[in-house]
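>>> okay, sequence plus prediction incoming.
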Amino acid sequence: MPTILGQNQYGKAENRVVKITRDGATHHIKDLNVSVALSGDMDEVHYSGSNANVLPTDTTKNTVYAFAKEHGIESAEQFGIHLARHFVTSQEPIHRARIRIEEYSWERIEASDATSRLIGADEPKHSFVRKGQEVRLTQITYDGSSWEVVSGLKDLVVMNSTDSEFWGYVKDKYTTLKEAYDRILATEVSGRWRFNWTDDEQRMPHWEESYEQVRKHMLQAFADTYSLSLQQTLYQMGSRIIDNRGEIDEVRFSLPNKHHFLVDLEPFGLKNDTADGAVYYAADRPYGLIEATILRDGCEARIPEDLTNL
Ligand SMILES: O=c1[nH]c(=O)c2[nH]c(=O)[nH]c2[nH]1
């Protein structure tokens, strides 16, 4: 045969599943986008078209919805683990399952005082507004013996309006950038963190609490760091997570530097400097892109370089 089959996987991508849990009149939402990718003994379907080993992608979709009903969704990670285990242990030809989940969060809309008075203390709590902040992410990979859980977030926009400088850099004949001693530091955080939970015998992390704590440490490090570069801030964000969360061995960030340039208002006879309530032009492109991995000492880097691939 002049060609051979290389890596392959298949499954239903982007199953949008919304699970409402009712606790009396108080409802809870889990809103997920679940992608299933399975691999194993799949040579024949590619070579000859025999579907004998193929669990249809349609079935993988149905399984996602059925599991949401049968088992509920405690956390995206728990749900993904459940699905991955099911595909690998119930289908002999399937040796590996990768489940990717995006989670969108919803915030309760508080009833107005008037509504509360009308319907009493037991007012229904079933109205939500979608949170405009980050998308939560997780990827679960299971090969029948070992687990890899990488969680994270994207689209979380943060800004420090001072406590950021950038100077002392290399200057060559193409350098025009002015040194900055008080600038805006803003970025849209895309981050991933890898858990050291790898086998069923080990105690599983508390996924929801872990996410909240990682997010908190990351944001606090962003706010607390007097920054001499976005690279330094990134490292602080990552090491704060590793130092505080024993369940995590590796963190990777991709941070676009959302530049804010002082507008030249001299032509209008206006002085525009940072010391006195300055006006900035928020540029959308090009942007500096700062990316790095922070590892617990002695641990191996496994999160891919390009986070758009995870
Ligand atoms: O925090 C920064 N890091 C850089 O590497 C860099 N390069 C640049 O032009 N501005 C900045 N800012």
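Okay, I see it.
>>> need the contact partners of stretch 207-216.
Contacts of stretch 207-216 from elsewhere in the structure, counted by Cβ atoms under 8 Å, 6 or more residues apart in numbering, are 74-78, 134, 136, 151, 153, 193, 195, 241, 244-245, 247-248. C-beta here means a position set from N, CA and C on the backbone, and glycine is covered the same way.
>>> buried sites along it?
Buried residues in stretch 207-216, counting neighbours by 16 or more other Cβ atoms under 10 Å, are found at W207, S210, Y211, Q213, V214, R215.
>>> of those, which belong to helices?
Here DSSP state H is the test, and the buried residues of stretch 207-216 give W207, S210, Y211, Q213, V214, R215 as lying in helices.
>>> re the thing from before, as TSV, the buried residues of stretch 207-216 with distance to V170 and pLDDT would be great.
Formatted as TSV, the buried residues of stretch 207-216 follow (distance: Cβ to Cβ, whole Å; pLDDT from 0 to 100):
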residue	distance to V170	pLDDT
W207	43	98
S210	40	98
Y211	39	98
Q213	38	98
V214	34	98
R215	35	98
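>>> ok, and which of those reach the ligand?
Among the buried residues of stretch 207-216, not one lies near the ligand by Cβ under 6 Å from any ligand atom.
>>> export those residues as a markdown table, with columns for distance to E291.
Below are the buried residues of stretch 207-216 laid out as a markdown table (distance: Cβ to Cβ, whole Å):
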| residue | distance to E291 |
| --- | --- |
| W207 | 25 |
| S210 | 23 |
| Y211 | 22 |
| Q213 | 23 |
| V214 | 18 |
| R215 | 19 |
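>>> checking I241 next. Helix, strand or coil?
Counting by DSSP: H, G, I helix; E, B strand; the rest coil, the backbone at I241 sits in helix.
>>> my guess is it contacts I248, does it?
Yes: because the distance of 6.0 Å satisfies Cβ atoms under 8 Å, I241 is recorded as touching I248.
>>> surely A221 is in a helix?
Yes: using three-state DSSP, the assignment for A221 is a helix.
>>> gap between it and Q236?
Distance of A221 to Q236, given as Cβ to Cβ, to the nearest Å: 5 Å.
>>> for the residue of the stretch 1-150 of the chain found nearest the ligand, grab phi and psi.
Residue nearest to the ligand within the stretch 1-150 of the chain: E134 (21.7 Å; Cβ to the nearest ligand atom). Main-chain dihedrals, E134, degrees, to the nearest 10: phi -70, psi 160.
>>> low-confidence ranges in the stretch 201-310 of the chain?
In the predicted model of the stretch 201-310 of the chain, no residue satisfies pLDDT under 70.
>>> enumerate the residues of it near the ligand.
With Cβ under 6 Å from any ligand atom as the criterion, the stretch 201-310 of the chain comes near the ligand at residues S229, L230, Q231, N257, G288.
>>> which strand or helix spans the residue most central in space within the chain?
Compute the mean C-alpha point of the chain, and by Cα atoms, centre = their mean the closest residue is L153, 1.9 Å away. Element membership for L153, per DSSP states H and E: strand 147-160.
>>> okay, buried residues for that strand please.
Those would be W147, E148, V149, V150, S151, G152, L153, K154, L156, V158, N160, for strand 147-160 by 16+ other Cβ under 10 Å.
>>> what's the closest non-adjacent residue to the third one?
Using Cβ to Cβ, 6 or more residues apart in numbering and skipping residues adjacent in sequence, the residue nearest V149 is F195, 4.4 Å away.
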